[in-house]
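Colleague: Return a 3D structure for these sequence lines:
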Amino acid sequence: LHLSLRRQRQMCIRDRNKAIASGIIDFSHRYNFSSLFFTLTSEKHQDSKRLSRCEINYKLTKIRKQLIKSNIIHFGIKSLEEHKTGIKHTHILMFVKLDDMEQTHNIIQKHINEKTNIDNRNIQHVRKFTEQNITNYIIKCTVADDDKNRISTIKTSSEISFFGIKKGIVTTWDLSLIHI
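Modeller: Residues are numbered from 1 along each chain as shown. This next block holds a predicted model:
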């Protein structure tokens, strides 16, 4: 089976993201962090992909600033994706100390779209040792192979980024793989 260079690169990035996510999860277990899973969606900019992305990033920045102001240590993984309409939404797996869980939940709640928050399920407390299931859900990459024409096409993928971890960690990870 021929894999296009684009598909190989995408799969390497997916695998790298899963490995870094596993490291973050292991760290959270070792140092007794708990996790929340929540989704931010655009409310104001349903007609613009670029503006919907900016709106979501602004919401997450406000949440993180309030957490920092409250001296709440937090870190995690976010996945920016598009709805079928093209409007952006972000899934976030955030780790905080158990003592800070309620305050963190309340800070996040202020920025959740009430239209999509059916039964208050937009913010969920995650059971320890199930975080990997969430990272498998948010780190997406599906590919369609056309064996006849020897072409692979990426059907869906998510833009993954990490926050609250030391700058340069991901770059160091990527550079270490070059030397293997």
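Colleague: So which bits of stretch 102-111 are buried?
Modeller: By 16 or more other C-beta atoms under 10 Å, the buried positions in stretch 102-111 come out as 104, 107, 108, 111. Backbone N, C-alpha and C define where each C-beta goes, glycine included.
Colleague: and the residue of the chain most remote from its centre, what helix or strand is that in?
Modeller: Here the chain reaches farthest from its C-alpha mean at residue 148, the gap being 34.8 Å by C-alpha atoms, centre = their mean. Element membership of residue 148 [criterion: DSSP states H and E] is none; it lies in no helix or strand.
Colleague: ok now do the spatially most central residue of the chain, which residues does it touch?
Modeller: Residue closest to the average C-alpha location in the chain (C-alpha atoms, centre = their mean): residue 78, at 1.9 Å. Contact partners of residue 78, counting by C-beta atoms under 8 Å, 6 or more residues apart in numbering, are 60, 90, 91, 92, 93, 160, 161, 162, 163.
Colleague: residues near residue 128, how many?
Modeller: Residue 128 has 13 neighbours, counted by other C-beta atoms under 10 Å.
Colleague: which ones are touching it?
Modeller: 29, 34, 35.
Colleague: where's the second one, which helix or strand?
Modeller: Spelled out, that is residue 34. strand 33-41.
Colleague: in the chain, which segments are predicted with low confidence?
Modeller: For the chain, applying pLDDT under 70 flags the ranges 1-10, 46, 113-121, 141-146, 150-157, 168-180.
Colleague: Next one: residue 128 from residue 29, what distance?
Modeller: 7 Å (C-beta to C-beta, to the nearest Å).
Colleague: give me the beta-bridge partners of residue 37?
Modeller: residue 93, residue 124 (DSSP bridges).
Colleague: doesn't residue 92 make contact with it?
Modeller: Yes. Judged on C-beta atoms under 8 Å, residue 37 makes contact with residue 92 at a distance of 7.1 Å.
Colleague: And the helices in this protein, which stretches?
Modeller: 5-30, 49-69, 101-109, 131-138, 169-178 (DSSP state H).
Colleague: could I get these as a markdown table with distance to residue 124?
Modeller: Output for those, formatted as a markdown table (distance: least, C-beta to C-beta, whole Å):
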| stretch | distance to residue 124 |
| --- | --- |
| helix 5-30 | 16 |
| helix 49-69 | 16 |
| helix 101-109 | 10 |
| helix 131-138 | 9 |
| helix 169-178 | 26 |
